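Q: next comes the sequence, and after it the predicted model I'd like to discuss.
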Amino acid sequence: MEIKLIFSAVLLVFLPFLAYHAEAVTIFDISKYGAKPGGEDISPVLAKVWKEACEATNASKVLIPKGTWYLSQIRLVGPNKAPLELEVQGTVEANPDYTKLPQKDGQWITINYLDGFTISGGGVFDGKGEQAWKANDCHKNPNCPKLPINLSLNFIKNAIIKDVTTKDSKNFHCNCISSQNVTFQRFTISAPGESINTDGIHIARVSNVKVLDSDIGTGDDCISIGDETTDLHIENVKCGPGHGISVGSMGKNPAEKDVTGITVKKCTFTGTSNGVRVKTWPSAPATLKISNLHFEDLTMNNVSYPVVIDQQYCPWNLCTKEKPSLIQISGVTVKNVRGTANTKEALLFSCSSSKPCQDVQISDIDLKYVNSIPANFTTVCENVKPTVSGKQIPPICPTPAQAS
């Protein structure tokens, strides 16, 4: 009896608290505000409920229920007065014709100026990008049409993007720019390997960003890292198809700022054209520093160039190599990299002759050639003197890289 009385008393104390929190989240279901699945543009309704949700003084949730929803284009802008969640349960589809984008210079979905924000729900953002990929000739045409990013996040603080998929974007799948304390978790990115310029997540001018437990397959970098990035942690990410996880490219803009504190850990690369890579342009004006890079516990499955520092990056002959890169790279750890490579150079360190790489530590490398091992399966180095320990398969830096 005494135990029952105590339990009842405790329940009476906590019931109001529980009731408050059960009612604390206001749900804005777009289907209750007139949005209809199956072809009608939901952007007017979504814009309306978003504005109401941002004005709410208690926690709120904008819900896109199960079903297929057409969205022409949207800008979802804060500030928000209380925690705000966008829960996408259904599939949100773009117009496959990129010329029909209402604001030609905008992205498909833009989300700006929020603090305390979540995207969740298990749904899909489908950019319908196949037509745009075929028209993309930007590598040779400076006047090529601007193509929209699926999900553009800017000026976001204290946010988590989890359990959603971005599919077949016309351009980058997602960017995260000028933001702090953002976590991507169980975030899926899906596009074929031949989709052009479809970086998975592009991150720049951020601090304290995490990408965790995610699966990224696309036609360009799985994750690309731009300037002024500090404290980025990437762990347990599956990358492939794609171009790997890249710091850069950097150097073309003299205003670029330092990059420091990048960790890529416990990630798996399958069939990618690179594993982890740092790339800077030669004959370019920027003088930023790239430091404290940690590439650890990585698995390579049939990967071209599992680990690369390329300070002579010049795709499609868009530059000259008359002058070396002015960017200093230092504090690099490459540790416990295992698996298979399909290029004879398993590790390639092509550092700048004017700013040789400093404090590079390489340990426990166990990489095998996909077929029978060629006689020249090796690593190559230029303008770097790494500290080497542990297993060295293939031999670490036995020969300098050949000048281009």
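A: Yep, it's here.
Q: which SS class is V384?
A: coil (DSSP: H, G, I helix; E, B strand; the rest coil).
Q: give me the nearest residue to it, chain neighbours excluded.
A: C357 (4.1 Å; CB to CB, 6 or more residues apart in numbering). Where C-beta positions appear, they are placed from N, C-alpha and C, glycine not excepted.
Q: that neighbour: what's it in contact with?
A: Listed by CB atoms under 8 Å, 6 or more residues apart in numbering, the contact partners of C357 are I309, I329, S330, V332, F349, C351, N383, V384.
Q: tally of neighbours for W281?
A: 25 (other CB atoms under 10 Å).
Q: which residue is the nearest non-sequential neighbour of it?
A: G251 (3.8 Å).
Q: same question for G240.
A: Nearest one to G240, counting by CB to CB, 6+ apart, is T270 at 3.6 Å.
Q: quick one, grab the pLDDT at that neighbour.
A: Predicted confidence (pLDDT) at T270: the value is 98.
Q: can you pull the phi/psi pair for N141?
A: Main-chain dihedrals, N141, degrees, to the nearest 10: phi -120, psi 100.
Q: residue contacts, the nearest residue to W108 once chain neighbours are set aside?
A: Spatially, and ignoring its direct neighbours in sequence, W108 is nearest to P148 (4.3 Å; CB to CB, 6+ apart). Taking CB under 8 Å, 6+ apart as the criterion, P148 is in contact with Q73, A94, Y98, L101, G106, Q107, W108, G127, S169, K170, N171.
Q: rerun at 10 Å
A: Residues near P148 by CB atoms under 10 Å, 6 or more residues apart in numbering: 73, 94, 98, 101, 103-110, 127, 129, 132, 169-172.
Q: check D364 too.
A: Counted by CB under 10 Å, 6+ apart, D364 has contacts E296, D297, V334, K335, N336, V337, R338, S389, G390, K391, Q392, I393.
Q: for these, which one is nearest P285?
A: Distance to P285, by CB to CB, is smallest for V334 among the contacts of D364, at 28.6 Å.
Q: how about the secondary structure of L147?
A: coil.
Q: so where do the helices sit in the stretch 201-350 of the chain?
A: Counting by DSSP state H, counting those that start in this stretch, the stretch 201-350 of the chain yields no residue ranges for helices.
Q: any weak-confidence spans in the stretch 251-400 of the chain?
A: 373-375, 399-400 (pLDDT under 70).
Q: quick check: closest non-adjacent residue to D41.
A: S72 (4.8 Å).
Q: need the contact list for the residue nearest to W281.
A: Residues in contact with G251 (CB under 10 Å, 6+ apart) are 227, 279-288, 311, 313, 319, 325-327, 352.
Q: taking the residues you listed, please make a PyMOL selection of just the buried ones.
A: Remark: buried members of these, expressed as a PyMOL selection using 16 or more other CB atoms under 10 Å:
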select buried, resi 227+279+280+281+282+283+284+286+288+311+313+319+325+326+327+352
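Q: which ones among the contacts of G251 lie within strands?
A: Residues of these located in strands (DSSP state E): K279, T280.
Q: re earlier: what about the residue nearest to G240, distance to I216?
A: Per CB to CB, to the nearest Å, T270 is found 11 Å from I216.
Q: please apply the same query to S352.
A: For S352, the distance to I216 - CB to CB - is 29 Å.
Q: same check, this time on L86
A: According to CB to CB, L86 and I216 sit 21 Å apart.
Q: which one of these two is surrounded by more residues?
A: I216 (28 against 24).
Q: ok so, going back, tally of neighbours for the residue nearest to G240?
A: 16.
Q: ok, what's across the strand from it?
A: Legend: beta-bridge partners of T270 under DSSP bridges are N301.
Q: list the contacts for it?
A: If a contact means CB under 10 Å, 6+ apart, then T270 has G217, K238, C239, G240, P241, G242, T299, M300, N301, N302, V303, G339 as its contacts.
Q: brilliant, that's me finished.
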